[in-house]
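Participant: Structure of the sequence below:
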Amino acid sequence: MTAGHPLQRLLQPLWLRIALPIAASVALFSASIFLVHLPEVYDSLLNEKKAGLRNMAQMAWGMLEFHQARERRGELSRELAQELALGEIAGIRYGPDGKDYFWINDFHPRMLLHPYAPGLNGKDVSDYRDPTGKRLFTEMVQASAATGSAFVAYHWQWKDDSALVVPKVSFVKRFEPWGWIVGTGVYLDDIRKEAEAQARSLLLTSLGVLGLAALLSLLSIWQGVKAARTIRDSEATLRGIFDQTTEFLGVLDLDGDVRSVNRTALDFAGVSREEVRDRPFWETAWWRGEPAARHALRSAVTRARDGERSRFETRCVAPDGREITLDVSIQPLRDEEGAPVSILADGVDITERKRTQQELEARVAERTRELEHSLDSLRQAQNQLVQAEKMAALGGLVAGVAHEINTPLGLGMTNASYLQEQLDAIRESYAAGRFTKGEFETFLEHAGEAVRSMLINLRRGAEIIRSFKQVAVDQEVEERRAFDLREYLEEVLVSLKPRYKRTGHTVSVDCPEGVRLDTYPGALMQVLSNLIINSLTHGFEHAARGEIRIRVAPQGDRVVLDYADNGRGMSPEEQAKVYDPFFTTKQGAGGTGLGMHIVFNLVTQKLGGDIALETAPGQGVRFILTLPRTLPRPGAA
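Facilitator: The predicted model follows:
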């Protein structure tokens, strides 16, 4: 090439000869970044994200394991343990913007928890497909079946934006005890953008790399020294934590040989690390004289080598002869692929806790005996209150009937006195010789009216007494007999009429003729009287005119007695407790709370029937009693 060649002349300037190698270097460096480094960055970020997903899924899996352990120890039922686990995991968010989350489905698969797609919760998602047609949840179940965990790629909505669907890769891990799969994922667009951002940043940085290589080398050396110092400090910190914890900790290899033991365990056994290192864990000084503990530890190490976790209680003897109880946990330590690489042995001294537990169990047993004695006393008091309630009802019945019968007897006495006065007057007139036909006719007229009035009132009194005698005897003696239901209901109402006679309330009975029952009329009377008194006392408390309707409908060998009022009704809380003993809305105002409890027991036990309640606030109450027309004899099928 001659000196006058255009390219030779172009290369002659010094700045160009410096710039071309730099430009070529930059071009090659840029190409290496986008063609080589960018894919490597993407793969590295993807692997890093996958590792992060494993760790996050392991964290959620650990929460499930914690609650399942509480279930195994009997602290929680499975339902409560699962509910607590779902509640805790549902609130977990992580990631740069705090929107990354966990979801849980079972092996069916059925969705148990999805924070951003609550519409899927509780639904069968075995046929749920992403926009590409992939049955992603079914694939998650199948992919994780072999190893217990798997990565699955699919398309999903962008975090909480259901309108945007993008590629995603998720890590799912099985929780075999409950048949659950916990998963969490990362969006591939995030990784791609982060890789591109790193590449752009690296490209810009590369422009200054050529001039700062030496400085960066020195900086790298300085950073290496600093990192080594940090690593040493971290190791010292971890060693301090490892040695100072009060638990017995040891790290074993997969064969069960001791690699490291903390200071707490060494001090307890009075040995050095050299004495136990590289020895089988079950042959060390902690388990001298405890063949059962050695056998359990050897079996647990074998299971840990296979990836299983073991937990059990065992005993060991201290050098001073003290016997302590340990809660021992043997579990594998895994690498990123989930394969066991070593074994962690953890022991907690629970001797004091066991002693406290035994003392507590003794106190609980003693308290239980005291409570049983108190319960017997309460039952006796309840029986006494039931009898008192019955006698109070009978006493009220006597007082009401006495008041009711006073009117006809008083009118009879008045008419008898008037008749006596008329008879004395006519006798005096006759003795004096002044007796006339007109006086005699007047006497006969007045005497007839008095006698008719006396007969009417005496019949009324006799009817009241007959009803009272029948009802009172039925209530007190509790004898079984056959009776006409319509007549008996009328007798009961006659006995109870004094309770509502001077109010605006009414009681009506609709019962067909010829309905006969063979049962305990006294129990039936007590049921009806309690229902009516409850309506008068509670249902019509602020009502001027209340209505009570009693309808009877035969149904084959049974009779339906429909009792209803139009009072204030009951709230759901009152309805739930209406049959509970000692529950009353009149606490401190004369209410015992036994009325409806007695009604329920009499209907379901004494009368052999059923009782149902329909009510709502402001809608009154309706009790539907279904009774056998003939009560089965004791011992009958």
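Participant: going forward, measure contacts and count neighbours with C-alpha atoms only.
Facilitator: Noted.
Participant: Do a quick rundown of the strands in the stretch 201-350 of the chain.
Facilitator: Listed in chain order, the strands found in the stretch 201-350 of the chain under DSSP state E, counting those that start in this stretch are 248-252, 258-261, 310-317, 323-334, 340-349.
Participant: List the pairing partners of the first one within its sheet, with orientation.
Facilitator: Which is strand 248-252. Strands that pair with strand 248-252, judged by DSSP bridges, come out as strand 258-261 (antiparallel), strand 340-349 (antiparallel).
Participant: Work out the gap between the first one and the centre of the chain.
Facilitator: Right, the one you point to is strand 258-261. In this view, strand 258-261 has its centroid 45 Å away from the chain centroid, taken as CA atoms, centre = their mean, to the nearest Å.
Participant: averaged over its residues, what pLDDT does it have?
Facilitator: The pLDDT scores in strand 258-261 average 86.
Participant: now do stretch 119-130
Facilitator: The average pLDDT within stretch 119-130 is 91.
Participant: List the buried residues for that stretch?
Facilitator: Leu120, Asn121, Asp124, Val125, Ser126, Arg129, Asp130 (16 or more other CA atoms under 10 Å).
Participant: May I ask you to confirm that the fifth one belongs to a helix?
Facilitator: No - Ser126 sits outside any helix when classified using DSSP: H, G, I helix; E, B strand; the rest coil, being coil.
Participant: how about it, what does it touch?
Facilitator: Going by CA atoms under 8 Å, 6 or more residues apart in numbering, Ser126 touches His108, Pro109, Arg110, Arg135, Phe137, Thr138.
Participant: What are the phi and psi values at the third one?
Facilitator: Put plainly, it is Arg110. phi -130, psi 130 (degrees, to the nearest 10).
Participant: Kindly tell me how buried it is, as a neighbour count.
Facilitator: Counted with other CA atoms under 10 Å, the neighbours of Arg110 add up to 19.
Participant: Skipping its backbone neighbours, what lies nearest it in space?
Facilitator: Distance criterion CA to CA, 6 or more residues apart in numbering; nearest residue to Arg110, sequence neighbours excluded, is Asp124 at 4.4 Å.
Participant: Could you pull up the residues touching that neighbour?
Facilitator: Applying CA under 8 Å, 6+ apart to Asp124 gives the contacts His108, Pro109, Arg110, Met111.
Participant: let's see it at 7 Å
Facilitator: With contacts defined as CA atoms under 7 Å, 6 or more residues apart in numbering, Asp124 is in contact with Pro109, Arg110, Met111.
Participant: one step back: would you turn the strands of the stretch 201-350 of the chain into CSV with distance to Pro115 and mean neighbour count?
Facilitator: Below are the strands of the stretch 201-350 of the chain laid out as CSV (distance: least, CA to CA, whole Å; neighbours: other CA atoms under 10 Å):
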stretch, distance to Pro115, mean neighbour count
strand 248-252, 38, 22
strand 258-261, 43, 20
strand 310-317, 33, 17
strand 323-334, 29, 19
strand 340-349, 33, 19
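Participant: For the ones you listed, give me JSON lines that also has distance to Leu204.
Facilitator: Written out in JSON lines, the entries for the strands of the stretch 201-350 of the chain read as follows (distance: least, CA to CA, whole Å):
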{"stretch": "strand 248-252", "distance to Leu204": "47"}
{"stretch": "strand 258-261", "distance to Leu204": "48"}
{"stretch": "strand 310-317", "distance to Leu204": "54"}
{"stretch": "strand 323-334", "distance to Leu204": "40"}
{"stretch": "strand 340-349", "distance to Leu204": "42"}
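Participant: Show me the one of these that comes nearest Ala285.
Facilitator: strand 310-317 (9.2 Å; CA to CA).
Participant: Please work out the average pLDDT along that closest one.
Facilitator: On average, the pLDDT along strand 310-317 is 83.
Participant: now it: how far from the chain's centre is it?
Facilitator: The chain centre lies 34 Å from the centre of strand 310-317; the measure is CA atoms, centre = their mean.
Participant: ok, Ala523 touching Thr604?
Facilitator: No - taking contacts as CA atoms under 7 Å, Ala523 lies outside contact range of Thr604: 11.1 Å.
Participant: ok, now how distant is Asp130 from Ala153?
Facilitator: 11 Å (CA to CA, to the nearest Å).
Participant: Check Val301 too.
Facilitator: Note on Val301: its distance to Ala153, by CA to CA, is 36 Å.
Participant: One more: Pro332?
Facilitator: According to CA to CA, Pro332 and Ala153 sit 29 Å apart.
Participant: And for Ser260?
Facilitator: Relative to Ala153, Ser260 is positioned 41 Å away (CA to CA).
Participant: for Ser535, helix, strand, or coil?
Facilitator: helix.
Participant: What count of nearby residues applies to it?
Facilitator: 24.
Participant: ok, back up a step: just the buried residues of stretch 119-130 now: which is nearest Glu79?
Facilitator: Nearest to Glu79 out of the buried residues of stretch 119-130 is Asn121 (CA to CA; 16.5 Å).
Participant: List the contacts of that closest one.
Facilitator: Asn121 touches Met111, Leu112, Leu113, His114, counting by CA under 7 Å, 6+ apart.
Participant: doesn't the first one fall inside a strand?
Facilitator: By that I understand Met111. Yes - assessed by three-state DSSP, Met111 belongs to a strand.
Participant: How many residues are close by it?
Facilitator: Neighbour count of Met111, defined by other CA under 10 Å: 24.
Participant: Touching, it and Leu120? I think so.
Facilitator: Yes - using CA under 7 Å, Met111 is in contact with Leu120, at 6.1 Å.
Participant: Quickly list what's touching both of the two.
Facilitator: What both Met111 and Leu120 touch, as defined by CA under 7 Å, 6+ apart, is an empty set.
Participant: need the longest strand for this protein.
Facilitator: Longest strand in the chain, counting residues (DSSP state E): strand 161-175.
Participant: other SSEs contacting the very next helix or strand once past that one?
Facilitator: Per DSSP states H and E, strand 161-175 leads on to strand 180-187 as the next helix or strand towards the C-terminus. In terms of contacts (3 or more CA pairs under 7 Å, 6 or more residues apart in numbering; DSSP states H and E), strand 180-187 is packed against helix 38-72, strand 103-106, strand 161-175.
Participant: Select, out of these, the one closest to Thr351.
Facilitator: In terms of CA to CA, the element of these nearest to Thr351 is helix 38-72, at 19.8 Å.
Participant: now the closest one: mean pLDDT?
Facilitator: In this model, helix 38-72 has an average pLDDT of 85.
Participant: For stretch 242-257, what is the distance to the chain centroid?
Facilitator: Offset of stretch 242-257 from its chain centre (CA atoms, centre = their mean): 40 Å.
Participant: Can you measure across it, start residue to end residue?
Facilitator: 18 Å.
Participant: next one: stretch 143-161
Facilitator: This stretch, stretch 143-161, spans 27 Å end to end (CA to CA).
Participant: how many other residues sit next to Arg551?
Facilitator: By other CA under 10 Å, 15 other residues sit near Arg551.
Participant: Apologies, that question was intended for Glu275.
Facilitator: The local packing of Glu275 (other CA under 10 Å) involves 11 other residues.
Participant: again with Tyr42
Facilitator: Neighbourhood size, Tyr42 [other CA under 10 Å]: 20.
Participant: again with Phe435
Facilitator: By the criterion of other CA under 10 Å, Phe435 has 15 neighbours.
Participant: And the residue nearest to it when sequence neighbours are not counted, how far from Ala450?
Facilitator: Closest residue in space to Phe435, ignoring its immediate chain neighbours: Ser429 at 5.0 Å, by CA to CA, 6+ apart. Note on Ser429: its distance to Ala450, by CA to CA, is 20 Å.
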